[in-house]
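1. Here is a sequence together with a model predicted from it:
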Amino acid sequence: MEPRYLRQLAEIVDLGSLSLAAKSLSVSQPTLSRNIKSLETLIGAPVLQRGRYGVTPTAIGAALAREGRSIRDALRQAELNLGHWKSGLDGRLKIGVGTMLAHSLMPRFLAQANGSGWKVALRIDVEGPDRLIDRVRSGDLDAAIVQIEPYFPKEGLTQVTLFDDKRAYFAGIRHPLARKIPVTNRDISRAQHVTVGAFSGRRTALAEGARPGGFESLRIELSGDVAIALHLLSTGAYIAELPEFVMKQLCDERQFVRLAYHGEMPSRTLSVWHREDMSGHPLIKDFCRRFVKYVSMLRTEENAAIPLPQKK
């Protein structure tokens, strides 16, 4: 089966028109029609249905169009890699990060990497940790920087540990608990909570003094971008349980305060994850080395972006 015909079929199905597809592919419409006819003769069935409003695929046509899209995407990627090579880049990496990192460590790391003369084209995707790990397993991403639970299955993956990040409670500077020392379990249980993504799974501070069975006030859980949670914190009406070190690196002009709560809090490990068969890939090794070095530099800095309130 001619791969070129499958790619052309995908273009026709996506655009819904032979004339538009011919223009997009830079071929004549008669040539495109002949190629599709040859494909139909080969498989012994029509791949397109022609109607008043254009063309639609048959069942087998839709299946073959999916393969055509894969061929088209592979060719585009090859052309992109060639363009990077011609422009002096060493290669291309597809990296996934969670929503918290997208607002903290990653922008600063990318700025630092750009200043170091690193000649790599990076694509950064922002999603939840489970989805990112699935995409690493499938090869859609080269690596992901995420915090995952200890019980998460790690078969076929290599973990490059960065650090353990303990969670803490944060609030905007106008929240009443931002100035209270100490903050008690009862204070935590009575506050309005907002949680985001991977940090919405448990209620840490329900200990003595808290009402059994849940928080005493409103709780908002967000599964997407951390931006909504940060906005709600900045209003002074909510508190949130978030990773302490990552919050110190937050790229946000608004001020957030780490609450003076001294109860037991969980921590989770932030790691770079990639497939085992990519361990020897020079770009993956270089990326991990650079990111580990960058985080180590931050961890040794003494200045804290979000100081713990001091008792007057």
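-> Received the coordinates, thanks.
2. Once you drop chain neighbours, what's closest to E241?
-> Once flanking residues are discounted, E241 sits nearest to R167: 5.2 Å by Cβ to Cβ, 6 or more residues apart in numbering. No exception for glycine: its C-beta is placed from N, CA and C like everyone else's.
3. And the spatially closest residue to M1 that is not a sequence neighbour, how far from E244?
-> Closest residue to M1 apart from its sequence neighbours, by Cβ to Cβ, 6+ apart: L42 at 6.4 Å. Taking Cβ to Cβ, to the nearest Å as the measure, L42 falls 62 Å from E244.
4. if we can go back for a sec, the residue nearest to E241 touches G263, doesn't it?
-> No: under the criterion of Cβ atoms under 8 Å, R167 is not in contact with G263, lying 11.0 Å apart.
5. of the two, who's got more company?
-> R167 (20 against 15; other Cβ atoms under 10 Å).
6. Just after the helix or strand encompassing K23, pick out the following helix or strand.
-> Take DSSP states H and E as the rule and K23 turns out to sit in helix 18-25. Under the assignment DSSP H and E, the closest C-terminal helix or strand after helix 18-25 is helix 29-43.
7. Return the set of buried residues in the next helix or strand after that next one.
-> Remark: after helix 29-43, the chain's next helix or strand is strand 48-51, criterion DSSP H and E. Going by neighbour count (16 or more other Cβ atoms under 10 Å), the buried part of strand 48-51 is L48.
8. again with stretch 176-189
-> For stretch 176-189, the neighbour count (16+ other Cβ under 10 Å) marks L177, A178, V183, T184, N185, D187, I188, S189 as buried.
9. again with stretch 279-297
-> H281, L283, I284, F287, C288, R290, F291, Y294, V295.
10. CA atoms only: put that stretch into CSV for me.
-> Extracted in CSV, the C-alpha atoms of stretch 279-297 (Å, rounded to 0.1, in the frame of the first residue of the first chain):
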residue,chain,number,x,y,z
SER,A,279,18.5,5.9,29.6
GLY,A,280,21.4,6.1,27.1
HIS,A,281,19.9,8.9,25.0
PRO,A,282,22.4,11.8,25.1
LEU,A,283,19.7,14.5,25.1
ILE,A,284,17.8,12.8,28.0
LYS,A,285,21.0,12.5,30.0
ASP,A,286,21.9,16.1,29.3
PHE,A,287,18.5,17.3,30.3
CYS,A,288,18.5,15.3,33.6
ARG,A,289,22.0,16.5,34.4
ARG,A,290,21.0,20.2,33.8
PHE,A,291,17.8,20.0,35.7
VAL,A,292,19.4,18.2,38.7
LYS,A,293,22.2,20.8,38.8
TYR,A,294,19.7,23.6,38.6
VAL,A,295,17.5,22.3,41.4
SER,A,296,20.6,21.6,43.5
MET,A,297,21.7,25.2,43.1
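11. what's the distance between D225 and A237?
-> 19 Å.
12. low-scoring stretches of the stretch 201-312 of the chain, by residue?
-> Across the stretch 201-312 of the chain, residues meeting the criterion (pLDDT under 70) sit at 201-219, 223-224, 302-312.
13. Helices of that one, residue ranges please.
-> 226-234, 244-248, 282-300 (DSSP state H, counting those that start in this stretch).
14. Quick one: residues contacting the nearest residue to A102 once chain neighbours are set aside.
-> Using Cβ to Cβ, 6+ apart and skipping the chain neighbours, the partner closest in space to A102 is V126 (4.5 Å). Contacts for V126 were tallied using Cβ atoms under 8 Å, 6 or more residues apart in numbering; they are G96, V97, G98, T99, A102, D225.
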